[in-house]
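> Sequence below, structure please.
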Amino acid sequence: MISENRTILTHMEENNPDAKIIISDDGKKIVEIQNIRISGKRKIDWDGVEQYLKKYIGKKFIVEENGKTVNIASDFPDEYANSKDSTKSHGTIGKAKANAAQAIPELIQTLSEIKYFSNLDDKHKSDSPNGWLRGTVHFCLSVTNDKGEVIGTNTFRGRMVIRCDSENKLYLYDIVTIKKKRSTPLEQ
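I've put the predicted structure just below:
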């Protein structure tokens with residue numbers, strides 16, 4: 001549950017008006033996405049999401065939990081918007097993944113429960129020869145009524161996938177297996 005007395009944390013990039021980091025009642029860092037840019041539930045504009053993500057290419061962000069630097073390479077926007085996980089994401093989950101694109105720096109910063117996985121797929125021998133890191137990200141989106149008034153919050157959990165190249169540099173690859181955690185109505 002996200003309390004009204006939430007702590008707001010700073011983030012690394014210039015002041016992002018689209019996202020802020022808050023702490024839930026149970027101590028989890030959650031990225032609160034301020035603006036719903038992608039609102040269609042039936043058809044997600046993944047081409048628009050891919051174009052939006054290109055602004056991150058060449059940037060680096062630090063994971064607070066382990067101090068590691070995660071780079072954004074030119075293949076990230078295409079993978080994020082066109083992966084199997086994205087193309088099969090519809091409805092609330094598709095909308096959540098599309099809108100999470102606004103908060104990539106904050107999501108990287110708050111990455112937690114990070115685990116290493118070796119590379120088991122031949123197709124990634126060249127781009128991820130030293131395996132993968134996967135960790136958990138939490139984010140929330142406002143729920144609005146037909147009048148555009150905020151009536152609650154949906155909270156999501158996803159797995160951030162980071163590839164490790166031959167020089168042990170880390171590159172963001174995708175956010176997958178996004179699940180809705182709960183809907184929190186606003187206090188009256």
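
> following whatever helix or strand residue 134 lives in, which helix or strand shows up next?
Assigning secondary structure by DSSP states H and E places residue 134 in strand 132-144. Of the helices and strands lying after strand 132-144 in sequence (DSSP H and E), the nearest is strand 150-164.

> Starting from the least confident helix or strand in the chain by mean pLDDT, tell me the next helix or strand along the chain.
Lowest by mean pLDDT, DSSP states H and E among the helices and strands of the chain is strand 7-9, with a mean of 38. Next in sequence after strand 7-9, counting helices and strands by DSSP H and E, comes strand 19-23.

> Pull the distance from the strand holding residue 134 to the chain's centre.
With Cα atoms, centre = their mean, to the nearest Å as the basis, strand 132-144 stands 5 Å off its chain's centre.

> relative to strand 132-144, how tilted is the top helix by length along the chain?
The helix spanning the most residues in the chain, taking DSSP state H as the definition, is helix 91-100. Inter-element angle recorded for helix 91-100 and strand 132-144: 110 degrees (by axes from the mean of the first three to the mean of the last three Cα atoms, to 10 degrees).

> what about residue 24, how many neighbours?
As a burial measure, residue 24 scores 16 neighbours (other Cβ atoms under 10 Å). Any C-beta I mention is one placed from the backbone N, CA and C, and that applies to glycine too.

> same question but for residue 47, I mixed them up
Neighbours of residue 47 under the rule other Cβ under 10 Å: 10.

> do the one 4 residues further on as well
The criterion is other Cβ under 10 Å. On that basis, residue 51 has 12 neighbouring residues.

> and it, what does it touch?
By Cβ atoms under 8 Å, 6 or more residues apart in numbering, the contact list for residue 51 reads residue 77.

> can you tell me how far residue 99 sits from residue 109?
Distance of residue 99 to residue 109, computed by Cβ to Cβ, to the nearest Å: 17 Å.

> chain center to whatever helix or strand residue 180 lives in, what's the gap?
According to DSSP H and E, residue 180 maps onto strand 170-185. Strand 170-185 has its average C-alpha position 6 Å from the chain's average C-alpha position, going by Cα atoms, centre = their mean.

> Can you list the strands that it pairs with?
Partners of strand 170-185 in the sheet, by DSSP bridges, are strand 69-71 (parallel), strand 150-164 (antiparallel).

> coming back round to it: which parts of the strand holding residue 134 are buried?
132-143 (16 or more other Cβ atoms under 10 Å).

> Next, the contact list for residue 65, please.
Contacts of residue 65 (Cβ under 8 Å, 6+ apart): 111-112, 114, 135.

> Residue 144 now?
Residues in contact with residue 144 (Cβ under 8 Å, 6+ apart) are 36, 150-151.
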